[in-house]
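> build me a structure from this.
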Amino acid sequence: MRGLLVFVLFSFCTAEVGLGQIAGFDPKDPIQNISLAQWTAEDGLSSNNLTHVFQDSKGLLWITSFNGVMIFDGERVEIYDINNLDLLETDGFYTVVEDSNGVVYLGSQGSGVIKYTNGVFSKVESKSGYLPKSVPSLLVSQTGALYIGSNNQGLFKLKDKKAEWIDIPILNKGTISSIKEDDQGRIWVATEGQGLFCLKNDKLERHISTQDGLHDDYVESLACTGEGLLMIATTKGLQYIDGSGSVVSIKELTNIYINYLLVDQWNSVWAGAESGLARWSNKTDKVDWVRGKQGIDLVRLSSIIKDRENSLWLTSSRMGLMRLKESRLSNLTEPDLSSDRINILHESWDGNLYIGTDQNQLDVYKDGAYGRINIQTDLGGNGIRDIYYDEDGSFWLATYVGIIHKEGLSETVYSTANGMPANNFRIVLKDQAGYFWFGSRSGGLVKFKDGRVHEVFDNENKLESNFILSVQESSDGSLYIGTHSGGMSILKPSGEVSTFHLKEDDAGVLLFNIDLMADHTAMVTANVGLLHFDGTKLKQVNLASDRRSKTYFDLVDDGKDNFWITTNLGILQIAKSDWESYKKNQIQQLPYVILDENSGMNNKECTGATRSLLTSQGKVMVPTLGGVCEISPSNLQFDNSPPDVLIRNILVDDEVLSVGSEFAEIEAGALRYIFEFAVISYTAPERNQFRYKLEGLEKDWSSPDYSGRVEYTNLPPGKYTFKVIGANESNVWNTNPTSFSFRVKPFFYQTIWFYLLVLALMIGLFLVIYKWRIAFINRQNVELKKVNAELDRFVYSASHEIRSPLSSILGLIQLARVGEPDQQGEYFDHIEKSVNRLDEFIHDIVDYSRNARLGIEIEEVDFNTMIANILEDISHTKNFHAIEHDVNYSLDGKFYSDPRRFKVVLSNIITNAFKHHQPDKTNKPYVSIDVLGDKQQVQITVKDNGPGIENKHVSKVFKMFYRATTRSEGSGLGLYIVEETLAKLQGAIDVKTELGKGSTFKITARNLKTLHEK
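Numbers count the residues shown, from 1 in each chain. Prediction:
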């Protein structure tokens, strides 16, 4: 379909035109009601010196300059130059065309022909033949061939990737400024300095120069009309070749330097000149000029196109990019009016429109004719605030010097000097009963008739404010009064007053105007928004927001389909059908279309706190700060076709994805996803709206948004589809979403295989833990059995060890009582022996208990003192003095451990060495103690030459209550306590013994210095 459209365009030699657009710029109407907008380098363009503008089949605007090529989508300007396109040799571009496949070709200043397809720029290369590097003009012909006009090298043709130089001697060194194809398939070539050439089948058919009637051989642009005319723009005017082949001049455009031509759907010819924009129609042979508006000068125009929405786009070598729109709005302005600052409009019974401005006079307008009525009273520069033209031909004027009654040349001023409560009046109303009502800023509302004040309604008499902003009379004679900070009051003919407030405290709420509806309700425009009075209360109307703060001044019912609301930012058009839907709660927000400078208003700011007007001819007249804006509702038409929506860019962690593809795979780990999109509508791009959603993450559409950009972060792995819809300034939505689908790949640990592996590992780990736990429990059971066995043995042995001495003591006591007195000393010796044995056992139990329950206390161990004290403690024993002993120390540094526990260990070992020795049976009995230590550990060896231990008992001597021989008098706990204590001290004990030759106990323990330092 797109290819067919492009073919039709080419067949009529109007590639820039775009037939089938909505009607606009009818040549029967003069070019006067227009709006003009401008984009410059301050708005994001690379330069204000532009060479060409073109709208492609997607609706995007291409703008060329000597500082790169730009793509404008209404939301953003994308610039492509040598900074981001390595294939460029210079930044200069001249022109843009597009073929039937949607491939865009750009003629560059020094990089040849560049093409753009599927979002990628590349150089046009040929399989054979030469292509020029400097290309000021291009044409895609009906056959699909690309004609290339060069600088100083003539004309080239590219077909099927084969380049051909069209060899025409007179043209071969020429500079080609423009190329066009007519409906007969002839190629017309415009040159700079060599005139105009016509080619048929790439052969020269005709050469036209000044000798043939051209104004100048410097031909800047060509265009073909649907009437078969070839339009020729030269540096000296506009001409055309008619059906007979004659060169005809347009007299009114002779000696005008024309740079570019465009033919529109009316076959009107638009000429972009150095001094402005001209339009010529063959039917009327009339030329209209537009030279600028609102401070924008149309000078040095370099190209013109008409877009899909019937706007003209102009480029200038000075003024940047400009958009020219036809407007159905008209404006009454200076110098026809005395001032552009309009205060009030009043249509009288005789059909005249009376206009109050800041000047000391009344402006009069009717059927295109203007007049003025001077006011003799000095208004102090504040002008006229309200007008009433009475049937007797007199004027009642509200001013800030009082009420002026003007009867012919006579003027009477009613002010505080003659009974008025104030001078600053802004409202005049005559009611059905013939009374005048004058509203003031500070004196309330005055009821007036026959030259006198009948009553004043103010904050002391029935009203809540003295500042009166509006007064309207209903059909039953009631007055609806809007105030500053005092709510809305209804004054009935009976004198009864009811006041209604928007909120509990209405301070700061200004009710500018009250418009009574046919259903006996009212619409109230205020500084806080649009309000609705349903007869019982005031309620805020929820208008759609465009994120700009607006103050609402007045509402006009056009009697047909719309309400028109004046604001500080333009005029809102609200469809009555939407209002009915809103009242029925069928929609939650009241949509509107806004009119401003984009729509043709001379100034978007409507005059604050004043009334607008519906004339008897059905026109809406609005006071503004730029004159009177006139709206003809029946002529004001909007394009109701839904706009196209494009996804322009997709960035994933600043890497651009191709939007031309249908699906994308995104590697795992991406953090930021940015989508940029645009509504392809340029009539007021700042008011284009969007709604979007990311399927796979979001279920609902977003709220309407004005930003063509959205960002998502940290999307989980999965498939997604981004969808966007949009609306233009007319609030027409495209409900067919534009979409882009993609998949975020998972990390390996986010795959199902990884989850299965993790599950398997967890099961394996669970089994390992289970088995370990079972083994631990088994070890605990073994340990518990051991503890239970030791406990049983301890109870049994302890009871025996305690009971045996006690029994001996009891027996000895009994013998002492009945025995001979001379034997009592022997009895006491035996009793003492039993008590000592019992005491020794209790000491062993205490040592065992302390080792089991108390924590380790690490201090420096003084082996010298410790061993000396142990030897001192056992020095009273019978064997001590019969046995030689020696102690040897070899310590490198300090040793840290638990001194109390270490003393228990050494005391047991050393005491046993002396106690179990049999010095009377040993030759040279001895006990040697060697202490050897370094920074890591200590090794203590206790060696004796006593009786020794049988091998069968060696492995059992560290068991609880074990005695290697029945001769032993100990409890059997000593060595058990030694081993248990050393385990606490990170040490160990080893024994080597031989029966009859002695024993060697070797103690090894770790230096706990590091634990001490912690």
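> wait, what's in contact with the residue lying closest to Y712 once chain neighbours are set aside?
Leaving aside its sequence neighbours, Y712 sits nearest to Y673 (CB to CB, 6 or more residues apart in numbering; 4.5 Å). Quick note: C-beta positions are derived from backbone N, CA and C, even for glycine. Residues in contact with Y673 (CB atoms under 8 Å, 6 or more residues apart in numbering) are 650-652, 711-713, 715.
> N869: what secondary structure?
Under DSSP: H, G, I helix; E, B strand; the rest coil, N869 falls in the helix class.
> list the residues that contact the residue nearest to it when sequence neighbours are not counted.
The spatially closest residue to N869, leaving aside those adjacent along the chain, is K903, at 7.8 Å (CB to CB, 6+ apart). Contact analysis of K903 by CB under 8 Å, 6+ apart lists 866, 869-870.
> then L312?
Counting by CB under 8 Å, 6+ apart, L312 touches 25, 262, 270, 277, 304-306, 323-325.
> cool, S177 as well?
So S177 contacts 136-137, 149, 190-192, 219-221 (CB under 8 Å, 6+ apart).
> got a pLDDT number for it?
Looking at S177, its pLDDT is 97.
> also V652?
At V652, pLDDT is 93.
> ok, now how distant is the nearest residue to it once chain neighbours are set aside from V724?
Leaving aside its chain neighbours, V652 sits nearest to A670 (4.9 Å; criterion: CB to CB, 6+ apart). Plainly put, A670 is 20 Å away from V724 if you go by CB to CB, to the nearest Å.
> any low-confidence regions in the stretch 101-250 of the chain?
Judged against pLDDT under 70, the stretch 101-250 of the chain has no low-scoring part.
> would you list every one of the helices in the chain?
Using DSSP state H, the helices of the chain run over residues 2-11, 576-583, 752-818, 824-853, 863-873, 899-915, 951-954, 974-984, 1009-1013.
> tell me which residues of the fifth one are tucked away?
Pointing back at helix 863-873 there. Neighbour-count burial for helix 863-873 flags 863, 866-867, 870-871 (criterion: 16 or more other CB atoms under 10 Å).
> doesn't Y218 make contact with N259?
No. Counting by CB atoms under 8 Å, N259 does not reach Y218; the two are 10.8 Å apart.
> about what we covered before: just give me the least confident of the contacts of K903.
Where pLDDT dips furthest among these: I870, at 81.
> what sits against it?
Applying CB under 8 Å, 6+ apart, we find I870 in contact with 903, 906-907, 910-911.
> the same query, at a cut-off of 6 Å, please.
906-907, 910 (CB atoms under 6 Å, 6 or more residues apart in numbering).
> one more: F457?
For F457, counting by CB under 6 Å, 6+ apart, the contacting residues are 444-445, 463.
> give me the subset of those that lies in strands.
Using DSSP state E, L445 are the members of these that sit in strands.
> relative to F54, which of the contacts of F457 is nearest.
The nearest member of the contacts of F457 to F54, counting by CB to CB, is L445 at 61.6 Å.
> and that closest one, how many neighbours does it have?
27 (other CB atoms under 10 Å).
> separation between it and G402?
L445 is 15 Å from G402, by CB to CB.
> go on, D43?
Counting by CB to CB, the gap from D43 to G402 is 49 Å.
> what about the stretch 651-800 of the chain, any weak spots by pLDDT?
786-800.
> pLDDT wise, what is K915 at?
Value for K915, per-residue pLDDT: 82.
> nearest residue to L337 in space, please, no chain neighbours.
L337 sits nearest to D363 (CB to CB, 6+ apart), 5.1 Å away.
> swap that for S498, sorry
I490 (4.9 Å).
> isn't Y692 up against S702?
Yes. Applying CB atoms under 6 Å, one finds Y692 in contact with S702, separated by 5.3 Å.
> more neighbours, these two?
Legend: neighbour count by other CB under 10 Å for Y692 and S702, higher for Y692 (21 against 13).
> contacts only, for that one.
Contacts of Y692 by CB under 6 Å, 6+ apart are 702, 710, 724.
> same check on W701?
W701 is in contact with 691, 693, counting by CB under 6 Å, 6+ apart.
> distance of it relative to F677?
In terms of CB to CB, W701 sits 14 Å off from F677.
> just the pLDDT for M960.
61.
> burial count for the residue lying closest to L636 once chain neighbours are set aside?
The spatial neighbour of L636 that comes closest, neighbours along the chain excluded (CB to CB, 6+ apart), is R328 at 4.5 Å. When neighbours are counted by other CB under 10 Å, R328 registers 17.
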